[in-house]
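Chemist: 3D model of this:
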Amino acid sequence: MKRSRINEIIREGDAFIRSFGFRLPPFAYWSPRELADRRPEGIVGARLGWDITDYGQGRFDELGLFLFTVRNGRAADLARGSGMLYAEKIMISRKDQLSPMHRHVVKAEDIINRGGGRLVLQLHASRADGGIDADAAVTVPCDGVERSLPASDLLSLEPGESVTLFPGIWHAFWAEGADVLIGEVSTVNDDVTDNVFAEPLGRFSSVEEDEPPLRLLVSDYDRWMAGGAG
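Modeler: Coordinates of the predicted model:
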């Protein structure tokens, strides 16, 4: 993706989030240089912040997602069973924009329609080898009430509704009718290692630097914190 397009998506996304009365934390608005100079481990190490992805395919409007990680624990917390065991994201799925089929090995998550259009999910169970079971029904909790879906059926969430997805549940989602503001509350989040895609896709975008970044993405941190960009 071109950096200019990423900058545009950040501006549009911030305005959309604000339209629902949600406010991002102060560090969301630090300049790239301020973030690189301060290097707070609680932000950089936990990979909090902006995350714009087209899954490496260059078709963001059709295949992509806007994310901002607000808080996140560490894998070490989960390993010892104490400490910060949770994470929170705010996301935007644009109308008819697909977040592709994937599953998580470790993370359990609540996906919440915070407002806008309908959020539609396609769910699949996993086979013993981890692949998609195209024939099995799927049972998931929706706001505390279990719902069973036939294989390949669609789950539609209206604003205020949510679904809990446990590790191994394959899921893809998109917005219908209008863009959707999505909340995610989960166990510790690791987007580097804990995303398994049904198709060969990249979790993060490759960036073409056609203008300076408005904000750093979490995928920029390694390069910027190493002093590789100005």
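Chemist: need the contact list for A178.
Modeler: Applying CB atoms under 8 Å, 6 or more residues apart in numbering to A178 gives the contacts 95, 116-117. All C-beta atoms are positioned from the backbone trio N, CA, C, and that covers glycine.
Chemist: Do you know the pLDDT at it?
Modeler: In this prediction, A178 carries a pLDDT score of 98.
Chemist: Skipping adjacent residues, who's closest to it in space?
Modeler: For A178, ignoring the flanking residues on the chain, the nearest one in space by CB to CB, 6 or more residues apart in numbering is G117 at 3.5 Å.
Chemist: Checking my notes, the one you found in a helix, right?
Modeler: No - applying DSSP: H, G, I helix; E, B strand; the rest coil, one finds G117 to be strand, outside a helix.
Chemist: Tell me, how many residues neighbour it?
Modeler: For G117, the neighbour count with other CB atoms under 10 Å is 20.
Chemist: Closest one of the contacts of A178 to S31?
Modeler: Comparing the contacts of A178 against S31 with CB to CB places G116 closest, at 29.5 Å.
Chemist: ok, now how distant is the closest one from Q122?
Modeler: Plainly put, G116 is 19 Å away from Q122 if you go by CB to CB, to the nearest Å.
Chemist: same check, this time on I90
Modeler: 22 Å.
Chemist: same question, D190
Modeler: 24 Å.
Chemist: one step back: what pLDDT is listed against the residue nearest to A178?
Modeler: Per-residue confidence for G117 comes out at a pLDDT of 98.
Chemist: my guess is it contacts W174, does it?
Modeler: No - using CB atoms under 8 Å, G117 is not in contact with W174; the gap is 9.7 Å.
Chemist: buried set for the one helix or strand I17 maps to?
Modeler: Taking DSSP states H and E as the criterion, the element that holds I17 is helix 3-19. Across helix 3-19, burial judged by 16 or more other CB atoms under 10 Å covers 3, 5-7, 9-10, 13-14, 16-17.
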